[in-house]
Structures are given as structure tokens and as C-alpha cells.
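S.K.: With the sequence up front, the predicted model follows.
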Amino acid sequence: MRTWTLVVSVFAHAAVVAAILVAPIFATADLPDPRRPLTFEAIIPIETPTIPVTTRPQPAQPSTITQSIPRIEPTELPPPDAPPIEPPLPVIGACDSCGVVGVPIGDGAGGHDVIAAPPPMPARKDPVPVGGVIRPPTRVVYVEPVYPQIALAARVQGTVILQAVIDEQGSVRELRVLRGHPLLDAAAMQAVAKWQFTPTLLNGTTVPVVMTVTVSFSLTK
């Protein structure tokens, strides 16, 4: 077995050597040219001619001439300011159209052109409570209160009691909550403020009165 292996190995090596020696003889392709050495060419710079630059003439600025004004000092000082002259006071006895309110003016003992004082403002009367000989006024104008939406949503109902001051003409002058509900008080006051009543007489004279007003809110309406 070893003899055959040796023989095969010898023939294989002989075939490889023969192929290496014989292959160049039968080659027909040309060999490639050898690479040329690098050549450097000299670059000659080109001289550019110099372009002459002309300066732009600047416009001449007008010269400003400041004319000096001679200062002339006064030879004499002006006189000091004279004191102000107060206007003369009017003579009341000789004025026919001026005077003091309520005081006669002019010539003579009695005078004339008396300016009367304006009439005094009527004093505001205090309201009188209803009861006894003072009968409550009659309502002549009624405005229905508007049920608040928030009270409807919360299912709130009840009665609001207000204290109202009715003036001499029968109009509601003042309102105050005596008992009620926070969700209903404002709607009750807005409605009662628009009510109108008959004037109240006391000894033949109109007087303001104080009375209570009740406003009811019910969900069954």
C-alpha cells in the first residue's frame, strides 16, 4: 500500500513540474507594457496687466458762514417794575343790578332790585309703619317674579318675606329681606321693586309707609 502511494505521489509531482515548464511555451497572449515613469510639466504663470484706478471726485461741500450778531449792552438799566394797581372796589350804593341775596340795594332807604333766596328743599319724611289708623296701600301694578333656573334644578321652593318702604307716590323705595332662601331672595326683590301702590294719606297728606311683602315660590304652579 505504501508503494502505490509513493508511486502516485511521484507521478503527481512530475505532472505539476511539467505543466509549469511547458505552459509558457504554448502561451500566445502578449505581455502587458511596463508602466511609464511619471513626468512633471512646468507651469508658467501669466502676468496680468495692472488696471489703473481713477479716484472719483468728491462734491464740494458748501461752506457755512456764521454771521455773528454784535452784542449791544444797554447803557442805562430800565426802571424797576411798578407795583400792581388793585382794581377799585365797587360802590354798592351806586350799583342798580348787583347785590346780596335777600338784602335790598340801591339808592334810598328801602332800596330796590331785591334778589329773593331760593325756596328750601322739602324735608324727607320718615316712613310710617302700617297699622292702626294707617291702612296698607293697595297694589295697582303687579310684576310676577321669575323662578330662578338654579332653584328649579335644585327643586327649591319656599316663601320670601320682604320689608318694603313705599314712598309718597306709591313706588317701592327700599327693600330688605326678613326671611327667605338664598336661591330665591334676588328674584323676589327684583319683582317687588317694580310693583306700584296707591299713595297713603295721613291727615290729608301723603306719607311714606313701611310694610311687609310676601312672595311665594312653588313648584306645583
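M.R.: That came through fine.

S.K.: can you give me the helices in the protein?
M.R.: If you assign secondary structure with DSSP state H, the helices in the chain sit at 2-22, 149-153, 185-192.

S.K.: got those as a markdown table, with mean neighbour count, distance to Arg176 and mean pLDDT columns?
M.R.: C-beta coordinates here come from the backbone N, C-alpha and C atoms, glycine included. Supplementary listing: these in a markdown table, determined by neighbours: other C-beta atoms under 10 Å; distance: least, C-beta to C-beta, whole Å; pLDDT from 0 to 100:
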| stretch | mean neighbour count | distance to Arg176 | mean pLDDT |
| --- | --- | --- | --- |
| helix 2-22 | 9 | 132 | 80 |
| helix 149-153 | 12 | 21 | 94 |
| helix 185-192 | 18 | 9 | 96 |
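
S.K.: so which of these comes closest to Gly204?
M.R.: Checking the helices of the chain against Gly204 by C-beta to C-beta gives helix 185-192 as the closest, at 28.2 Å.

S.K.: List the contacts of that closest one.
M.R.: Here helix 185-192 makes contact (C-beta atoms under 8 Å, 6 or more residues apart in numbering) with 143-148, 151, 160, 162, 164, 172, 175, 177, 180, 213, 215, 217.

S.K.: follow-up on the earlier one: just send the helices of the chain back as JSON lines, with distance to Thr206 too.
M.R.: Output for the helices of the chain, formatted as JSON lines (distance: least, C-beta to C-beta, whole Å):
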{"stretch": "helix 2-22", "distance to Thr206": "150"}
{"stretch": "helix 149-153", "distance to Thr206": "37"}
{"stretch": "helix 185-192", "distance to Thr206": "20"}
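
S.K.: So which of those is nearest Arg124?
M.R.: Nearest of the helices of the chain to Arg124, taken as C-beta to C-beta: helix 185-192 at 21.7 Å.

S.K.: quick revisit: buried among the contacts of helix 185-192? Need that as a selection in ChimeraX.
M.R.: Command for ChimeraX that selects the buried part of the contacts of helix 185-192, burial taken from 16 or more other C-beta atoms under 10 Å:
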select :145,147,148,151,160,162,164,172,175,177,180,213,215,217
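
S.K.: Mind checking which of the contacts of helix 185-192 are in strands?
M.R.: Counting by DSSP state E, these place 160, 162, 164, 172, 175, 177, 213, 215, 217 in strands.

S.K.: Just give the nearest non-adjacent residue to the second one, would you?
M.R.: Once flanking residues are discounted, Leu162 sits nearest to Val213: 4.7 Å by C-beta to C-beta, 6 or more residues apart in numbering.

S.K.: wait, that neighbour sits on Ala164?
M.R.: Yes: the pair Val213 and Ala164 passes the contact test of C-beta atoms under 8 Å, sitting 5.0 Å apart.

S.K.: which residues sit in contact with the residue nearest to Leu162?
M.R.: Contact partners of Val213, counting by C-beta under 8 Å, 6+ apart, are 161-164, 192, 195.

S.K.: picking that back up, out of the helices of the chain, the one nearest Pro129 is which?
M.R.: Ranking the helices of the chain by their distance to Pro129 (criterion: C-beta to C-beta) puts helix 185-192 first, at 17.7 Å.

S.K.: got the angle for that closest one vs strand 172-179?
M.R.: For helix 185-192 against strand 172-179, the angle between stretch directions is 150 degrees (axes from the mean of the first three to the mean of the last three C-alpha atoms, to 10 degrees).

S.K.: helices or strands up against the worst-scoring helix or strand of the chain on mean pLDDT?
M.R.: In the chain, no helix or strand scores lower on mean pLDDT, DSSP states H and E than helix 2-22, which sits at a mean of 80. Here helix 2-22 is seen to pack against no other helix or strand when contacts are counted using 3 or more C-beta pairs under 8 Å, 6 or more residues apart in numbering; DSSP states H and E.
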